[in-house]
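Chemist: sequence first, then the predicted structure:
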Amino acid sequence: MIYLELLLGFLQIGIFAFGGAYGAIPLIRDVVMNYGWISEDQLTYMIAVSESTPGPIMVNMATYIGSSQAGISGALIATTAVALPSFIIILIVSTILKNFTDNPHFQAVLKGIKPCIIGIIISTGLYMIINNCRSVDGLSYVNILITLILFMFMLLHKRFLKRKASPIHLIIFAAVLGIVFG
């Protein structure tokens with residue numbers, strides 16, 4: 001019975017979760033609480049752990065909850081159920097798009113979308129920088145300083161080493177700065 005519940009619960013999450021990880025959290029919470037798989041405190045803890053580990057939040061949570069409820073079999077069922085809808089949708093879309101790649105109108109659409117995507121990414125980055133540099137009391141000077149140091153590190157790395165800084169090096173450097181200034 002638990003296997004069927006895990007399959008149906010996480011299939012529901014996989015089908016109806018739109019808007020990325022943060023948009024999926026309310027749906028995950030609703031399904032997990034309705035089935036009573038873990039407590040509210042455990043769910044909050046698991047969201048924090050899932051955000052800080054590699055991989056999508058939904059997959060991490062499905063694996064954890066499936067494992068906690070039914071061992072390795074439960075983890076496999078829950079993880080497969082949450083990922084299967086996206087896999088099928090991507091498979092269908094990629095099959096359909098494959099037929100349009102040589103179409104000049106489709107290429108024109110892609111050329112028009114590219115600047116829009118770049119703008120969205122820049123806008124998201126700026127939004128994250130601004131929110132990171134604010135605190136409850138106003139500005140977070142520590143976060144502003146860390147952001148500026150990381151930005152300078154990236155620029156100097158590119159200028160003197162003639163290549164981009166590795167994201168891994170940036171994450172490690174940011175962690176060190178957080179420890180030093182935190």
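Modeler: Looks like it came in fine.

Chemist: going forward, measure contacts and count neighbours with C-alpha atoms only.
Modeler: OK.

Chemist: sketch out the low-pLDDT regions of this structure for me.
Modeler: Low-confidence segments of the chain (pLDDT under 70): 18-23.

Chemist: name the residue most distant from the centre of it?
Modeler: Among residues of the chain, the one most distant from the C-alpha centroid is P104; the distance is 33.3 Å, by CA atoms, centre = their mean.

Chemist: and the gap between that one and K111?
Modeler: 10 Å (CA to CA, to the nearest Å).

Chemist: so what does the helix or strand where T95 lies touch, helix or strand wise?
Modeler: According to DSSP states H and E, T95 maps onto helix 57-98. Applying 3 or more CA pairs under 8 Å, 6 or more residues apart in numbering; DSSP states H and E, we find helix 57-98 packed against helix 2-16, helix 20-35, helix 40-52.

Chemist: the inter-axis angle of that helix versus helix 20-35?
Modeler: Using axes from the mean of the first three to the mean of the last three CA atoms, to 10 degrees, the inter-axis angle of helix 57-98 relative to helix 20-35 is 120 degrees.

Chemist: from the chain's centroid, how far away is helix 57-98?
Modeler: 15 Å (CA atoms, centre = their mean, to the nearest Å).

Chemist: what's the angle from it to helix 2-16?
Modeler: 50 degrees.

Chemist: quick one: name whatever helix or strand follows helix 57-98.
Modeler: Moving toward the C-terminus from helix 57-98, the next helix or strand (DSSP H and E) is helix 104-132.

Chemist: following that next one, which helix or strand comes up?
Modeler: Next element after helix 104-132 (DSSP H and E): strand 134-135.

Chemist: following that next one, which helix or strand comes up?
Modeler: Assigned by DSSP H and E, the successor of strand 134-135 is strand 138-139.

Chemist: other residues contacting that next one?
Modeler: Defining contact as CA atoms under 8 Å, 6 or more residues apart in numbering, one finds that strand 138-139 is touched by C133.

Chemist: that one pairs with which strands, parallel or anti?
Modeler: Looking at strand 138-139 with DSSP bridges, its partner strands are strand 134-135 (antiparallel).

Chemist: chain center to the partner strand, what's the gap?
Modeler: Relative to where its chain is centred, strand 134-135 has its mean C-alpha point 23 Å off (CA atoms, centre = their mean).

Chemist: now do stretch 105-124
Modeler: 21 Å.

Chemist: would you mark the buried spots in that stretch?
Modeler: If you call a residue buried by 16 or more other CA atoms under 10 Å, then stretch 105-124 has no buried ones at all.
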